[in-house]
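Give me a 3D structure for the following:
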Amino acid sequence: MSRFVRSIALCTIILSCAEGAGLDPEEDETSSDQDSGGAIVAAGGAGAQSSGGAEAQSSGGAGAGGTATGGRGSSTGGNHDQAGGGGTASGGGSSAAGGAPSHNSPLFPAPDSEGQCPDPSLRLRFEGTPALGDHGEVRVYDAAAPDVAVARIDLSQGQIVDSIGGTSFNLPRPAYVDGQEVVFLLPAAGLKYGHRYFVLVDEGAVLDPDGNAVIVSEADAWRFQISGAAPTDREHLSVALDGTGQFCSLQGALDAATSGTTIHLAQGAYWGVSYVQSKNRLRLVGADRDTTRILGVNNNNLNPSTRTRALFGTEHLKELIIENLTIENMTAQGGSQAEALALLSCDQCVVRNSTIISRQDTLLWSGRVYAEDSRIEGNVDYIWGTGAAYFNRVEVRTIGRSGYNVQARNTTGYGYVFVDSRLTADPGIKDDVLARIDVSAYPNSHVAYIDCEIGPHIADSGWSITGSGSRTGLRFWEYGSHTPGGEAIDVSKRADGSRQLTAEEAAQMRDPAVVLGGWDPR
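Below is the predicted model of the structure:
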């Protein structure tokens, strides 16, 4: 039997993993080899017994996807691929009521804990890398009505449907391996305040690092209670994976927010799609840019609409501020359009000190948006949309393969302007393009690079201009482009239809109020 399971079994029988139990699954050197008759067991281990005494058999199921891979690394730029991307969402910190997975329990929510957030993810922590099975269920029951599960995750299903922010989404199976944890996402509607719940885990759903099935078979083995009432003061809402905040998910806080709410996100990997509409003056603040991470998979194959295919989608917001966090859509290369952050009809919105990552169509912005001191990663039209956007001191990084940085589909006014920014790429990438457009479809497209550092991965032609229409209205502009060493870029081979600005014209583009219709967010 694995040390993880011994610890849970002992907690279940002795002190229910309560604060002060003194049982640390990472320091459990004195635990006996007996499982004490606990209701949480590893099937297939030598002599492992279920609570009923019957021998539990190994499920033999292979892990069925969901492993976190492909994280991009730190805010300092450069290619920082990490195995097990997204980091280990191990929780951390301790709390007298509901703080888990802490050193007192390998489960979250902790068994017999109270005051829990209404939107927890279910987490099982191991001392090695676990795996997901390919059959069996994880079910949550309301103790007051235990005959019907209020939430269930079927490991044999590859896709589910959920309502998020009032909109229906097709989603990948909500189960992940994140470092040494297995994570299960519950439906976005969450659980009811003041209610007590319990969790059952079928054989075959979770495999420990030794390949043994982990089973939770009795209602009193993993139970917890939600806090008594929703927060009444919503000016500031806190989100933390370990239960120390008012919410455990970003979506839970977005649903509870009103106009003017500031949402504080603690460090951790927040899995799943988020969506919000028609709420003004929201502010999302991460505790740390590199370790406060919104992760998951969404794309056009799952949800064939620009409204619903982003990992974090917004519509009809005003004065939104996003700062100090990372948003990564982990859709694989070739997995169709997959925005990490969609800001649709977002007026006077700001993204600051953040990292936004996908492959194709990383950003979709319309309205008036200002980005500062951030990094955008992708490779195919990974900055695109119809609005006006001003990028100040932003790193635009092409990853994985060459492609097209920008596709601006604005029909009037200004489009996408980059000032004092850096264009970088993964090693070996070449012939990347500043922007592309079909002038027969979008004859007034506008993209400008002002005093930007441009790496050697950009093609000599700079721009890709196609279509049979006139190029007289096209505004592919450049001024002061220079190498990482500060030398002027040779622009003599730039594509016909693009133009080098004068100093006076460039000075106008440096002014956010000019680009953003009178709004200066600095």
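
residue ranges with poor pLDDT in this protein?
Residue ranges of the chain with pLDDT under 70: 1-104.

Buried ones in the longest strand seen in it, by neighbour count?
Longest strand in the chain, counting residues (DSSP state E): strand 341-352. Across strand 341-352, burial judged by 16 or more other C-beta atoms under 10 Å covers L341, A342, L343, L344, S345, C346, D347, Q348, C349, V350, V351, R352. Where you see a C-beta, it was placed from the backbone N, CA and C, and this is true even at glycine.

next SSE after it?
Next helix or strand after strand 341-352 toward the C-terminus (DSSP states H and E): strand 355-357.

Could you spell out the sheet neighbours of that following strand, each with its direction?
As defined by DSSP bridges, the strand partners of strand 355-357 come to strand 326-329 (parallel), strand 375-378 (parallel).

So what angle separates the directions of the next helix-or-strand element following it and strand 341-352?
Using DSSP H and E, the helix or strand that follows strand 355-357 in sequence is strand 363-372. Put simply, strand 363-372 runs at 0 degrees to strand 341-352, going by axes from the mean of the first three to the mean of the last three C-alpha atoms, to 10 degrees.

can you list the strands paired with strand 355-357 in TSV and add distance to T412 and mean neighbour count?
Below are the strands paired with strand 355-357 laid out as TSV (distance: least, C-beta to C-beta, whole Å; neighbours: other C-beta atoms under 10 Å):
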stretch	distance to T412	mean neighbour count
strand 326-329	29	28
strand 375-378	24	26
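
among those, which is nearest H446?
Taking C-beta to C-beta, strand 375-378 is the member of the strands paired with strand 355-357 nearest to H446, at 18.0 Å.

Need the residues that contact that closest one.
With contact meaning C-beta atoms under 8 Å, 6 or more residues apart in numbering, strand 375-378 is reached by 72, 75, 77, 354-363, 382-383, 391, 394-399, 403.

residues contacting the residue nearest to L474 when sequence neighbours are not counted?
Using C-beta to C-beta, 6 or more residues apart in numbering and skipping the chain neighbours, the partner closest in space to L474 is G497 (5.2 Å). For G497, the contacting residues are V439, W463, I465, R471, L474, F476, by C-beta under 8 Å, 6+ apart.

if we can go back for a sec, can you spell out which helices and strands pack onto the longest strand of the chain?
With contacts taken as 3 or more C-beta pairs under 8 Å, 6 or more residues apart in numbering; DSSP states H and E, strand 341-352 sits against strand 312-315, strand 321-323, strand 363-372.

would you turn those into JSON lines with mean neighbour count?
Listed next are the helices and strands packed on strand 341-352 as JSON lines, based on neighbours: other C-beta atoms under 10 Å:
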{"stretch": "strand 312-315", "mean neighbour count": "25"}
{"stretch": "strand 321-323", "mean neighbour count": "20"}
{"stretch": "strand 363-372", "mean neighbour count": "24"}
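
a markdown table for those strands, including distance to A287?
Converted to a markdown table, those look like this (distance: least, C-beta to C-beta, whole Å):
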| stretch | distance to A287 |
| --- | --- |
| strand 312-315 | 17 |
| strand 321-323 | 11 |
| strand 363-372 | 19 |
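
what's the closest of those strands to G334?
strand 363-372 (18.7 Å).

who does the closest one pair up with?
strand 341-352 (parallel), strand 380-385 (parallel), strand 388-392 (parallel).

contact partners of the second one?
Right, the one you point to is strand 380-385. Contacts to strand 380-385, defined as C-beta under 8 Å, 6+ apart, come from residues 358-366, 376, 389, 396, 398, 403-409, 416, 436.

one step back: which among the contacts of strand 375-378 end up buried?
Burial by neighbour count, judged by 16+ other C-beta under 10 Å, picks out 72, 75, 354-363, 382-383, 391, 394-399, 403 from those.

how about the helices of this protein, start to end?
3-13, 250-256, 503-509, 512-515 (DSSP state H).

tell me which residues form a beta bridge with I321?
Counting by DSSP bridges, I321 is bridged to R283, V350.

Surely it and I263 touch.
No: assessed by C-beta atoms under 8 Å, I321 is found out of contact with I263, at 10.2 Å.

which neighbours do those two share?
In contact with both I321 and I263: L282, R283, L284, V285, using C-beta under 8 Å, 6+ apart.

Scan these and report the most crowded one.
Among the shared contacts of I321 and I263, the one with the most neighbours (other C-beta atoms under 10 Å) is L284, at 28 neighbours.

can you tell me which residues contact that residue?
So L284 contacts L250, T262, I263, L265, L320, I321, I322, E323, L325 (C-beta under 8 Å, 6+ apart).
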